Each structure stands twice: as structure tokens, then as C-alpha cells.
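based on what follows, work out the 3D shape:
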Amino acid sequence: MQPLIEVRDLHFQYDDGTVALDGVNFRLFPGETVAIFGANGSGKTTFVLHLNGLLGGDGDVSVCGMAVEPKNLALVRQKVGLVFQDSDNQLFMPTVIEDVAFGPLNLGLGRDEARGRAVAALEETGMAHASGKAPYHLSAGEKKRVAIAGILAMRPEILVLDEPTTFLDPPGQNALLELLDRLPQAKILVTHDVECARILANRAVFFERGRIAGEGPVEEVITRFNWDRATVKREATRRF
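Numbering: from 1, shown residues only. Have a look, this model is predicted:
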């Protein structure tokens with residue numbers, strides 16, 4: 001089986017000299033959901049920003065057989081849908097339906113087709129009732145589902161979600177997990193939420209100082225790196 005994403009010996013250094021990625025190798029196969037664990041600053045988000053060309057380091061990154069390089073970025077970004085941690089960074093149009101239709105319109109689709117995709121994506125995410133609302137009137141959970149609808153309207157093969165359950169209350173988390181569980185796309189979850197990974201992921205990788213320090217079944221990785229609830233809680237509180 002050919003991987004949807006293949007990364008070989010990826011290195012990246014920020015302008016201030018910080019080495020964020022130090023030789024990462026990774027594959028994602030069709031139908032997989034992979035959880036990415038690791039401490040803050042270990043390279044997780046830097047890594048996923050390379051998957052649709054938002055950052056470019058040294059090494060080889062390919063998506064659906066295409067090298068992630070300038071001439072392919074438009075096609076790569078159709079294949080890889082990135083859902084940011086904070087939905088407010090992703091929603092910017094006056095109404096929900098306009099926001100979800102924005103991506104298809106940018107692909108060059110006509111207004112009717114773009115709106116049709118937007119309506120279908122909102123129905124798939126359970127947000128059709130909010131199509132005429134302003135995004136800022138929505139709850140955090142609703143914003144997250146609208147952000148996902150905007151990605152689904154682009155018909156990607158891969159979803160990359162950065163801390164998808166952050167800012168959500170327990171009902172919002174449950175609704176999101178149910179949605180993600182039934183979506184057919186391959187997924188990468190950057191998360192501190194161990195329960196989210198246990199429910200959704202087939203396997204996990206653990207980032208440490210810019211490298212993948214280990215990978216395998218989710219429970220095995222949690223145990224190996226002592227990434228239990230207490231550890232994750234301590235790590236999460238360092239952000240505040």
C-alpha cells in the first residue's frame with residue numbers, strides 16, 4: 001500500500017537558530033488515524049505545518065505521490081486539510097455558509113457548486129442550522145465543526161488537526177469525537193488529549209527534541225513515555 005504522506009529525514013531550523021526538526025521520518029497510510037504526542041516545543045506543530053507547505057525545511061515530504069514544493073502547493077493543499085487549534089484563526093467571513101464556501105470558490109468553482117459543497121459539508125458536520133449565522137456567535141464546539149466543514153468542502157484525502165479538543169467542554173468534545181470517528185479521511189491528530197487518541201487513533205508517534213523518539217500502538221506509546229493523564233495535565237498547564 002502506498003503511503004498518503006511520506007516524510008524522509010526532515011530538518012527545520014527557525015531564524016533564531018532553534019532546531020525544531022532534526023531528522024524526522026514518517027508515513028501515513030490510507031484509513032489510518034495517527035496521534036502525535038510530545039511536550040510543548042518538541043516539534044509537533046512545526047512538523048504538521050510542513051505537510052501542506054506552510055513551512056519548508058530540508059528533506060523530502062510527499063503527499064499523495066507529489067513532492068511538497070512550490071509548483072505543487074495548490075494541489076497539495078487540496079489533499080491535506082489543516083484544522084487549527086483556535087478556530088477563530090480559521091473563521092473570518094460574515095456568515096458560516098460564506099466561510100465554508102470560501103475554499104471551494106478559491107479552487108475556481110462556480111458559486112452554485114461552491115455553495116452546494118458548503119451545504120453538504122455543514123450537513124455532514126451537523127451545522128446546517130447555523131449557515132446564516134455569524135461565526136463569532138457560535139460556541140467553541142460549533143466553531144470547531146464549522147472549521148472542519150470548511151476543510152471538508154475542499155474534499156481533502158487527509159485531515160490534520162492541531163489540538164482538536166482544546167477549548168471544548170465535555171459535550172463539545174464528545175460531539176467532535178463522534179464526528180471525527182465517522183469521517184473517512186486519514187487523520188493526523190496533534191494532541192495532549194490521551195482519551196481522544198485512545199478513541200480515534202490506530203497508532204501514535206512521540207516527538208522529543210525535534211525527533212520521533214518512538215511509535216507504535218497508542219497504549220504502548222502512552223505507557224513507554226509515561227504519557228498518562230497526570231503527565232499530560234502537567235504539560236498542558238505549562239502553556240498558561
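
spatially nearest residue to residue 161 (excluding sequence neighbours)?
Of all residues not flanking residue 161 in the chain, residue 83 sits nearest, at 4.6 Å (C-beta to C-beta, 6 or more residues apart in numbering). Where C-beta positions appear, they are placed from N, C-alpha and C, glycine not excepted.

ok, the one you found to residue 204 distance?
For residue 83, the distance to residue 204 under the criterion C-beta to C-beta, to the nearest Å works out to 19 Å.

and those two? which has more neighbours close in?
For residue 83 and residue 204, the more surrounded residue by other C-beta atoms under 10 Å is residue 204, and the numbers stand at 27 against 21.

burial of residue 18, as a residue count?
12.

from residue 26, how far out is it?
Residue 18 is 20 Å from residue 26, where distance means C-beta to C-beta.

cool, and residue 149?
Residue 149 sits 27 Å away from residue 26, going by C-beta to C-beta.

same question, residue 167
As for residue 167, its distance to residue 26 is 27 Å (criterion: C-beta to C-beta).

pick out whichever of those two has more residues nearby.
Neighbours were counted for residue 167 and for residue 26 using other C-beta under 10 Å; residue 26 has more, 20 against 17.

can you pull up the bridge partners for that one?
residue 7 (DSSP bridges).

next: residue 80.
With DSSP bridges as the criterion, residue 80 is bridged to residue 158.

that one - how many residues pack around it?
The burial count for residue 80: 26, using other C-beta under 10 Å.

so how far is residue 182 from it?
Residue 80 sits at a distance of 20 Å from residue 182 (criterion: C-beta to C-beta).

same check on residue 171?
Computed as C-beta to C-beta, the residue 171 to residue 182 distance reads 17 Å.

kindly report the same for residue 189.
15 Å.

the two: who's more crowded?
residue 189 (25 against 8).

tell me the secondary structure at the residue lying closest to that one once chain neighbours are set aside.
Spatial nearest neighbour of residue 189, chain neighbours left out: residue 35 (4.8 Å); criterion: C-beta to C-beta, 6+ apart. Secondary structure assignment for residue 35 (DSSP: H, G, I helix; E, B strand; the rest coil): strand.

pretty sure residue 35 contacts residue 218?
Yes. The criterion here is C-beta atoms under 8 Å, and residue 35 meets it with residue 218 at 6.1 Å.

what do these two both touch?
Overlap between the contact sets of residue 35 and residue 218, as judged by C-beta atoms under 8 Å, 6 or more residues apart in numbering, is given by 197, 201, 203, 204.

which secondary structure element contains the last one?
Counting by DSSP states H and E, the element that carries residue 204 is strand 203-208.

buried ones in that strand?
Within strand 203-208, the residues scored as buried using 16 or more other C-beta atoms under 10 Å are 203, 204, 205, 206, 207.

bridged to the residue nearest to residue 38 when sequence neighbours are not counted, which residues?
Take residue 38 and drop its neighbours on the chain: the residue closest to it by C-beta to C-beta, 6+ apart is residue 207, 3.3 Å away. Each beta-bridge partner of residue 207 is listed here: residue 38, residue 212, as defined by DSSP bridges.

where does this protein dip in pLDDT?
Across the chain, the ranges flagged by pLDDT under 70 are 229-240.

residues in contact with the one helix or strand residue 151 maps to?
Per DSSP H and E, residue 151 falls inside helix 140-152. Residues from elsewhere that reach helix 140-152, judged by C-beta under 8 Å, 6+ apart: 81-84, 87-88, 90-91, 96, 99-100, 102-103, 118, 121-122, 124-127, 130, 135, 138, 159, 164, 167-169, 171-173, 175-176, 179, 183.
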